[in-house]
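*Asks:* Any chance you can model this:
(one chain, ligands or ions: 2)
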Amino acid sequence: MERSSLTIVLAAGDGTRMRSSLPKVLNPIAGQPMLAHVLASVPPGNNSAVAVVVAPHHQAVTDVVRRLRPDASIFVQGERLGTAHAVLQAADAIAAGVDDVLVVFGDTPLISASTLERLRTPLAQGAAVVVLGFQAAVPTGYGRLIMEGDQLAAIREEIDASPLERMITLCNAGVMALDGRAALNLLRRIGNGNAKGEYYLVDAVEIARQLELKTSVVETTEDEVRGINTKAQLAEAEAAMQRKLREAAMAEGVTLVAPETIYLAADTKFGKDVTVEPFVVFGPGVSVGDGAVIRSFSHIAEASIGKKAIVGPYARLRPGAMLGENVHIGNFVEVKATTIGAGAKANHLAYLGDAHIGANVNIGAGTITCNYDGFDKYRTEIGAGAFIGSNSALVAPIKIGEGAYIGSGSVVTKDVPDNALALERSGQTVKPGWAQRFREMKLRGRGQR
Ligand code: UD1
Ligand code: MG
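*Replies:* Ligands and ions are numbered 1, 2, ... in the order given. The predicted structure follows:
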């Protein structure tokens, strides 16, 4: 039988050192709140429950949890009395009965599902407490793991540690796995008689040893368990995550011409044979079809790009941009909430918003869908095969029929039937020989001075 798990995410911290009004765990990494990355590491399957411990004034955190993990139970920690106190807020979820209890921190977003899985193995073999450890380059600030052979004897927090204990570089990552049957008993025995007067989760180790239960350590790399307390650490975690995402994209066969200049979101999806030129930013919710080429300096978010489409250089695809197969979006073209049919082209300088554009439409340079009157947004429909001349303003709501032509420079305010020409511009005046006479007059004037 597969073992059941309860993952408890501690997310009640304010993150004072972030100097941000945003709760710490909502700061984004690779286009998603930190907390989303942590939730993504939770064991998959029906046998896996989640509890999140939040602060009373962090409604926004609760909202994100409800959106990402509707099945999660949410517990409010009224006062921050320490990590063990935080875990005990979820006592009801533990008491419901579960094989493995996993405790993770909401501010440790690079943790992987496979590492959490590795922590569960010793539990299955009879350990009561398993701690995730790592060799810290600079151990200052971390709890130190005090070993006796292969057994973990205790974890000592920095401020409670002796000078000798402070020399230890094997540190506590903060992730802990507890035997579900022993967990509540261990947690409830934890006191607050330490330098900070807090209920330390790490004391579960020493208590387990006193009760003659088995404890052990699973090691991982420092990179994976970097905690985030400052904006500088947030940037380091972003960089580490970007390296990981770029490598994964290339492993899947995406050509990243200059990988270090590409910014990906954790959920960016690529088809086969996609090429991404240097300096492209992918926000969340982007999918790119087979054979598409994304040219330099494009910015893309919540958009889907069809097979063999060409986007950029300097294109901006905003939320709701849906490009069909072979669509070309060129330089300085902005697309928002617009579906563009197969083979359509908008190669230069255009704004296409709240529109439906049929297959094989040609959008001339300088075309603008005028979708906003200062109060409301309106839609533009352009039928298949239509040709929109350069510098046209299409004042929505408006419908341009299939195969219609719009003369360059027109401000179109009325619907245009299929295959019609719409032209809105003043008649042209031509004065033969005027320019020559003008020049001669000017030059005569100069000569006389
Ligand atoms: C903790 C560990 C330390 C470990 C380090 C790794 C303890 C006592 N110490 O120290 O051994 O090396 O993490 O980064 O566990 N939280 C609550 N409620 C509370 C207190 C904390 O939700 O009452 C949350 C925080 O928001 C944070 C996490 O628990 O996400 C860890 O708390 P923090 O105060 O950062 O502990 P550290 O001092 O970093
Ligand atoms: Mg911390």
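
*Asks:* going forward, measure contacts between C-alpha atoms and count neighbours the same way
*Replies:* Fine.

*Asks:* What parts of the stretch 1-150 of the chain come near ligand 1?
*Replies:* By Cα under 6 Å from any ligand atom, the residues of the stretch 1-150 of the chain that approach ligand 1 are 10-13, 80-83, 86, 105-107, 142-143.

*Asks:* Give me the buried subset of those.
*Replies:* Buried subset of these (neighbour count, 16 or more other Cα atoms under 10 Å): 10, 11, 12, 13, 83, 86, 105, 106, 107, 142, 143.

*Asks:* now for the helix or strand hosting residue 244, which elements pack on it?
*Replies:* Element membership for residue 244 (DSSP states H and E) is helix 231-251. Applying 3 or more Cα pairs under 8 Å, 6 or more residues apart in numbering; DSSP states H and E, one finds that helix 231-251 makes contact with strand 28-29.

*Asks:* and if we set it to 10 Å?
*Replies:* Helices and strands touching helix 231-251, by 3 or more Cα pairs under 10 Å, 6 or more residues apart in numbering; DSSP states H and E, are strand 28-29, helix 34-40, strand 255-256.

*Asks:* what comes up buried for the longest one?
*Replies:* Pointing back at helix 34-40 there. Neighbour counts over helix 34-40 (16+ other Cα under 10 Å) mark 34, 35, 36, 37, 38, 39 as buried.

*Asks:* Leaving out chain neighbours, which residue sits closest to residue 218?
*Replies:* Excluding its sequence neighbours, the residue lying closest to residue 218 (Cα to Cα, 6 or more residues apart in numbering) is residue 132, at 5.0 Å.

*Asks:* thought the one you found was touching residue 117?
*Replies:* No - assessed by Cα atoms under 10 Å, residue 132 is found out of contact with residue 117, at 11.3 Å.

*Asks:* overlap in contacts of those two?
*Replies:* Listed as contacting both residue 132 and residue 117 by Cα atoms under 10 Å, 6 or more residues apart in numbering are residue 177.

*Asks:* Show me which of those two is the more surrounded one.
*Replies:* Under the neighbour definition other Cα atoms under 10 Å, residue 132 and residue 117 were set side by side, and residue 132 has more, 23 against 14.

*Asks:* And residue 327, how close does it get to residue 254?
*Replies:* According to Cα to Cα, to the nearest Å, residue 327 and residue 254 sit 19 Å apart.

*Asks:* quick one: which of the two has more around it?
*Replies:* Comparing residue 327 with residue 254 by neighbour count (other Cα under 10 Å), the higher total belongs to residue 327, at 27 against 20.

*Asks:* Quick check: phi and psi on the more buried one?
*Replies:* The phi and psi values for residue 327, taken as degrees, to the nearest 10, are phi -70, psi 140.

*Asks:* quick one: contacts for it?
*Replies:* Neighbouring residues of residue 327 by Cα under 10 Å, 6+ apart: 292, 305-311, 340-347, 359-361.

*Asks:* And the buried residues of helix 34-40, which is closest to ligand 1?
*Replies:* Ligand 1 has its nearest neighbour among these in residue 35, at 10.1 Å by Cα to the nearest ligand atom.

*Asks:* so the residue nearest to residue 218 sits in a strand?
*Replies:* Yes - counting by DSSP: H, G, I helix; E, B strand; the rest coil, residue 132 is located in a strand.

*Asks:* Kind regards, and thank you for your time.
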